[in-house]
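Peer 1: okay, sequence plus prediction incoming.
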Amino acid sequence: MKILLILVFVLKITCSLGQSTSAPSIRTVLVEQLKTTHNKKEWFVPVNAALEGLTPEQAMWKDGSGNHSVGQLAYHLLFWNQRQLANFKGEKETAFSGNNEETFNAFDKNSWTQTVTKLDNVLGALEKIVMAADESKLKSWAPTIANISTHNAYHTGQIIFVRKLQGLWDPEKGVK
């Protein structure tokens with residue numbers, strides 16, 4: 001509920017600054033958050049751009065100080081987004097022990113291309129299900145959707161950081 005109130009407050013401020021003649025709906029704001037962390041470049045780099053152009057070997061690289069690889073981070077995002085999509089659809093979630101480290105460690109270089117493709121598909125499916133949700137579902141899902149976007153943005157930043165450590169980040173993609 002707090003997140004919903006914050007979103008409404010931000011929308012009111014945005015409108016009062018003359019940036020819009022009418023307040024966008026909660027649905028519009030939430031879908032926009034999902035898109036900007038998926039494939040629409042706005043204030044920061046979306047995950048699709050952050051993963052673009054990496055080979056499986058590059059996705060496996062670790063810096064030796066305990067940070068996750070890009071592949072592990074992408075797999076972690078896939079795991080949690082896929083799980084939440086299933087929840088929104090009313091489907092049974094896959095078995096999970098509760099150990100979050102497992103959500104990083106199931107990645108290997110042979111699954112890189114599939115992980116990137118699946119993540120793109122799942123993020124697109126989340127956008128579509130939010131667009132189609134009735135108002136009651138949307139209201140109950142709003143805090144979770146906001147957290148999904150925040151979680152995705154956080155780990156995308158980590159992906160970019162790892163790519164920078166590797167010397168594989170193009171600053172023209174949005175982060176110097």
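Peer 2: Received, thanks. Numbering: from 1, shown residues only.
Peer 1: backbone dihedrals for residue 97, both of them.
Peer 2: phi -70, psi -20 (degrees, to the nearest 10).
Peer 1: ok, residue 98 to residue 84 distance?
Peer 2: 16 Å (C-beta to C-beta, to the nearest Å). No exception for glycine: its C-beta is placed from N, CA and C like everyone else's.
Peer 1: of those two, who's got more company?
Peer 2: Here residue 98 and residue 84 are compared on neighbour count by other C-beta atoms under 10 Å; more neighbours surround residue 84, at 20 against 5.
Peer 1: could you dump the helix or strand harbouring that one to CSV, C-alpha only?
Peer 2: Element membership for residue 84, per DSSP states H and E: helix 70-89. Only the C-alpha atoms of helix 70-89 are listed here, as CSV (Å, rounded to 0.1, in the frame of the first residue of the first chain):
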residue,chain,number,x,y,z
VAL,A,70,26.9,-11.9,-15.6
GLY,A,71,25.4,-15.3,-16.5
GLN,A,72,24.6,-16.0,-12.8
LEU,A,73,23.0,-12.6,-12.4
ALA,A,74,20.9,-13.1,-15.6
TYR,A,75,19.9,-16.5,-14.4
HIS,A,76,18.9,-15.1,-11.0
LEU,A,77,16.7,-12.5,-12.8
LEU,A,78,15.1,-15.2,-14.9
PHE,A,79,14.4,-17.4,-11.9
TRP,A,80,12.6,-14.7,-9.9
ASN,A,81,10.8,-13.1,-12.8
GLN,A,82,9.6,-16.5,-14.1
ARG,A,83,8.4,-17.4,-10.6
GLN,A,84,6.5,-14.2,-10.2
LEU,A,85,4.9,-14.6,-13.6
ALA,A,86,3.7,-18.0,-12.7
ASN,A,87,2.3,-16.6,-9.5
PHE,A,88,0.4,-13.8,-11.4
LYS,A,89,-1.0,-16.5,-13.8
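Peer 1: got a list of what the residue positioned nearest the centre of the chain touches?
Peer 2: Centrality entry for the chain: nearest residue to the mean C-alpha point is residue 152, 2.8 Å, by C-alpha atoms, centre = their mean. By C-beta atoms under 8 Å, 6 or more residues apart in numbering, residue 152 lies in contact with 37, 38, 47, 77, 81, 123.
Peer 1: helix or strand for the nearest residue to the fifth one once chain neighbours are set aside, which one?
Peer 2: Translated: residue 81. Counting by C-beta to C-beta, 6 or more residues apart in numbering, the nearest residue to residue 81 once its immediate chain neighbours are dropped is residue 122, at 4.8 Å. If you go by DSSP H and E, residue 122 is part of helix 112-132.
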